[in-house]
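Peer 1: Here is my input; please provide its structure:
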Amino acid sequence: MPVAGLPIAAVILVALVVAIATDRLWALEFFHVAFGGLWTGVDLFLGFIVGPIIARMSIGARVEFSTRLMPKMVLLMPVLVTVTLTAGWQLASHLGYTSTEYFNHDWLVASYVVVGVMAIVALGVLEPANIAVLYELRKPAPDGELIARLMRRFVVTAGITGAMQVATLVIMTKIASGA
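Peer 2: Okay, the predicted model is just below:
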């Protein structure tokens, strides 16, 4: 794990807590939109750009790439997911969107389902794959085939969540437009 990134993650999480405690609309919107955009971008980039590139690399090159990427992903993804979902829930609560009387409530529930599945995939499939790759890379003789399989799972899953991110963008723009 990139230890230098821990203070940055801590500052971001503390700033999120302050935004929630002060119930500042702008801060909640910033955290939700900015971190949601980053989460979407990372998923789409990994799934549709990096994935096909990795698939054509030699096992040694995959190991080298994974050695550099996975530690950063172990820190990055939980922060992106946590901040996006927490700020989104607080924003919806602040605006009264969580009420069943809200006219776009069905769309909001759809977003909860989609992002809930994405969060489970990100934290329940992607993070364990990241950690398994890191564990394997620490061995004196890493199993390149295992790393290749884990990276394939990581990239395919990132692509699936990337496609789900597009659905989230449709839902969120529908809600934000008030239509």
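Peer 1: In contact with L126, which residues?
Peer 2: M73, M77, F154, T157, A158, T161 (CB atoms under 8 Å, 6 or more residues apart in numbering). C-beta: built from backbone N, CA, C; applies to glycine.
Peer 1: What sits closest to the third one if chain neighbours are left out?
Peer 2: Sequence neighbours aside, A129 is the residue nearest to F154 in space, at 4.5 Å (criterion: CB to CB, 6 or more residues apart in numbering).
Peer 1: low-confidence ranges in the protein?
Peer 2: 1, 179 (pLDDT under 70).
Peer 1: Could you look up the SS state of the residue nearest to F154?
Peer 2: helix (DSSP: H, G, I helix; E, B strand; the rest coil).
Peer 1: what about it, distance to S177?
Peer 2: Counting by CB to CB, to the nearest Å, the gap from A129 to S177 is 36 Å.
Peer 1: In helices, which of the contacts of L126 fall?
Peer 2: Among the contacts of L126, the residues falling in helices (DSSP state H) are M73, M77, F154, T157, A158, T161.
Peer 1: filter these to the buried ones?
Peer 2: By neighbour count, with 16 or more other CB atoms under 10 Å, the ones in helices among the contacts of L126 hold M73, M77, F154, T157, A158, T161 as buried.
Peer 1: quick revisit: tell me the two of the contacts of L126 that are most distant?
Peer 2: The span of the contacts of L126, defined through CB to CB, is set by M73 and T161 at 12.8 Å.
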